[in-house]
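In: pasted the sequence and its predicted model underneath.
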Amino acid sequence: GIKINLDNINIFNVGDCRVYKKQRGYAKRISKDHSVVEEMVDAGLISITEAHTHPKSNILTSSIMPYKNFNIFWKEEKLKKEDIYLICSDGVWGELSIDELDECFEKENIDDINKALFNALYKKEQKDNLTYILI
């Protein structure tokens, strides 16, 4: 998710939803997953490429559940007028490679990025539900 005031943006997530930012025409990942595989990448046990197809990629280490503590990734950034952010479920980032996301983020404006994302996802055989928001 994202919380915005006039000068700053607060980026946060729980679980395996992600936040990306358009930066110099590329999709820069801002958030951090709460998953076994993310912990393995952080520990240097597997590469980011291996994480994408790892058999434990669906195991979360934090999620929003009633009556259960959970971890929140939180980061604050300065907000610029031209910034574009993508909040998406694992059904989106799991289907599109970083190169495919980058192709979408090469577009100049939010409407064209949205069309590119929709078209890229439409061509895929969906294995999961998908949700995304562009801000």
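Out: Great, that's in hand.
In: now the residue nearest the centre of the chain: how far from E108?
Out: Centroid-nearest residue in the chain, with Cα atoms, centre = their mean: R18, separated by 2.4 Å. Separation of R18 from E108 (Cβ to Cβ, to the nearest Å): 23 Å. (C-beta placed from N, C-alpha, C; glycine too.)
In: which residue ranges of the protein form helices?
Out: Along the chain, the segments classed as helices by DSSP state H run 36-42, 48-53, 90-93, 98-105, 110-122.
In: next, format these as TSV and append distance to E77, mean pLDDT and mean neighbour count.
Out: Listed next are the helices of the chain as TSV, based on distance: least, Cβ to Cβ, whole Å; pLDDT from 0 to 100; neighbours: other Cβ atoms under 10 Å:
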stretch	distance to E77	mean pLDDT	mean neighbour count
helix 36-42	20	85	17
helix 48-53	22	82	12
helix 90-93	20	88	22
helix 98-105	17	94	18
helix 110-122	18	96	15
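In: now those as a markdown table including distance to L60?
Out: What follows is the helices of the chain, written out as a markdown table (distance: least, Cβ to Cβ, whole Å):
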| stretch | distance to L60 |
| --- | --- |
| helix 36-42 | 8 |
| helix 48-53 | 14 |
| helix 90-93 | 10 |
| helix 98-105 | 21 |
| helix 110-122 | 22 |
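In: out of those helices, nearest to K80?
Out: Of all the helices of the chain, helix 110-122 sits nearest to K80, with 14.0 Å by Cβ to Cβ.
In: ok, residues contacting the closest one?
Out: By Cβ atoms under 8 Å, 6 or more residues apart in numbering, the residues outside helix 110-122 that reach it are 22, 84, 86, 92, 95-96, 100, 103-105, 107, 130, 132, 134.
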